[in-house]
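Engineer: could you work out the structure for the sequence below:
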Amino acid sequence: MTTADDRVLFEVDSDNRIATITLNNPAQRNSYDASMRDSLARYLDIVAEDDDLTVVLLRGAEGVFSTGADMNNAYGWYGEKRDEGAAPAKSRPSQRRRLTVDRKSFGFYHNLMGFPKVTVGEINGYALGGGFEMALMMDISVIARDTRIGMPATRFLGPALGSLHLFFHRLGPVLARRMLLTGDIVEAGEVEHLGVFTETCAPESVAARARYWAQKTAKMPADGVVIAKEAFRLVEQSQAYQGEEVASYLFHAYGTNLQFAPGEFNFVKTRAQHGTKEAFRLRDEHFHVPEPE
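Structural biologist: Numbering: from 1, shown residues only. Down below sits the predicted model:
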């Protein structure tokens, strides 16, 4: 059975007990907006409620996992529609609106991390921002060595961004601080020795290796899997995540209301003046610091 919901595709392999969800927005490097994320959440619910499915394989179309939230309309996440190149609104979203939106966003991440079936990530090309967060949330993650990973949005929203608890516990405090305080984008091969991902391999092998892991885990008893995953989550919640999930979305919501001093890069203002593509180029130019010889 194969169905499509605009920019998210859903396919079920009943014989192998595997569902595949594909982010299908390749023109935007599989970035996603709120509608796409809602579609992804609905498909995950279908898998969670189907006793005949044991594994969900998450991937991106045309060799790119995801570049995260669609920044063509940064304030669209807060319910505000704005045309490309339009002037900024007179007022920013209220803090209560930010907290409402972030609570929903972190609800999605919470459900993905606590998903009752095995999650396998087929990660290649780019895994940035929310795409990077989803890659880190996978139970089994297969990533190409040349996949570019990171949280570049910290360069225009600040380091208090995203699932801070996830970054510290998945990446470790040293790498997490480096990536969040610089906005650096690195290749997965550079951190292969840290064991952040289940398997790091050549780009041409990612799809086959991810399918291998999906088939391997699909042979496990489904009830045993869900019991094990709840046990894993209990250990994480009791030893690592106490209060941190709430702290993460609070800091994210407050951090999106930054004030910029002269000389600091304001992405939202630059995007409104020059367009998204040029804003990204100017952002990278602003943050470039040449390595010492």
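Engineer: show me where pLDDT drops low in the stretch 101-250 of the chain?
Structural biologist: Applying pLDDT under 70 to the stretch 101-250 of the chain flags the ranges 160-162, 239-245, 249.
Engineer: what segments of it are helices?
Structural biologist: Under the criterion DSSP state H, counting those that start in this stretch, the stretch 101-250 of the chain contains helices at 130-137, 154-157, 164-171, 173-182, 206-218, 222-239, 244-255.
Engineer: okay if I get these as a markdown table plus distance to L112?
Structural biologist: Where C-beta positions appear, they are placed from N, C-alpha and C, glycine not excepted. Below are these laid out as a markdown table (distance: least, Cβ to Cβ, whole Å):
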| stretch | distance to L112 |
| --- | --- |
| helix 130-137 | 5 |
| helix 154-157 | 21 |
| helix 164-171 | 11 |
| helix 173-182 | 19 |
| helix 206-218 | 16 |
| helix 222-239 | 12 |
| helix 244-255 | 12 |
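Engineer: could the ones you listed go into TSV alongside distance to D52 and mean neighbour count?
Structural biologist: Formatted as TSV, the helices of the stretch 101-250 of the chain follow (distance: least, Cβ to Cβ, whole Å; neighbours: other Cβ atoms under 10 Å):
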stretch	distance to D52	mean neighbour count
helix 130-137	24	24
helix 154-157	41	22
helix 164-171	30	19
helix 173-182	38	16
helix 206-218	11	19
helix 222-239	9	13
helix 244-255	31	18
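Engineer: partner residues bridging I21?
Structural biologist: F10, L58 (DSSP bridges).
Engineer: that one against V12, yeah?
Structural biologist: No - I21 lies out of contact with V12 (Cβ atoms under 8 Å); the separation is 10.2 Å.
Engineer: isn't D102 right next to A253, touching?
Structural biologist: Yes - under the criterion of Cβ under 8 Å, D102 makes contact with A253 at 4.4 Å.
Engineer: SS state for Q259?
Structural biologist: Under DSSP: H, G, I helix; E, B strand; the rest coil, the three-state class of Q259 is coil.
Engineer: what pLDDT does it get?
Structural biologist: Note for Q259: predicted pLDDT of 80.
Engineer: could you do A272 as well?
Structural biologist: 83.
Engineer: burial of it, as a residue count?
Structural biologist: As a burial measure, A272 scores 19 neighbours (other Cβ atoms under 10 Å).
Engineer: mind starting the numbering at 34 from now?
Structural biologist: Okay, using 34 as the starting number, the last item reads as A305.
Engineer: and the helix or strand containing it, which residues are buried?
Structural biologist: Per DSSP states H and E, A305 falls inside helix 300-307. For helix 300-307, a neighbour-count test (16 or more other Cβ atoms under 10 Å) marks 300-301, 303-305 as buried.
Engineer: so H285 sits right up against V134, yeah?
Structural biologist: No - the criterion here is Cβ under 8 Å, and H285 misses it with V134 at 9.7 Å.
Engineer: got the CA positions of stretch 130-149 in CSV?
Structural biologist: Below are the C-alpha coordinates for stretch 130-149, written out as CSV (Å, rounded to 0.1, in the frame of the first residue of the first chain):
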residue,chain,number,x,y,z
ARG,A,130,2.1,32.6,21.4
ARG,A,131,5.7,31.5,21.3
LEU,A,132,5.2,29.2,24.2
THR,A,133,2.0,27.7,22.7
VAL,A,134,3.8,27.0,19.4
ASP,A,135,6.9,25.6,21.1
ARG,A,136,4.9,23.4,23.4
LYS,A,137,3.3,21.8,20.3
SER,A,138,6.7,21.4,18.6
PHE,A,139,8.2,19.7,21.7
GLY,A,140,5.2,17.6,21.9
PHE,A,141,6.0,16.2,18.5
TYR,A,142,9.6,15.6,19.5
HIS,A,143,8.6,14.0,22.7
ASN,A,144,6.3,11.6,20.9
LEU,A,145,9.0,10.8,18.3
MET,A,146,11.6,10.0,21.1
GLY,A,147,9.0,7.9,22.9
PHE,A,148,7.7,6.2,19.8
PRO,A,149,6.5,2.6,20.6
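Engineer: contacts for that stretch, please.
Structural biologist: If you take Cβ atoms under 8 Å, 6 or more residues apart in numbering as the criterion, stretch 130-149 is touched by 70, 74, 77, 81, 89, 110-112, 126, 152, 166-167, 170, 196, 199, 258-259, 262-263, 266, 278, 281-283, 285-287, 289-290.
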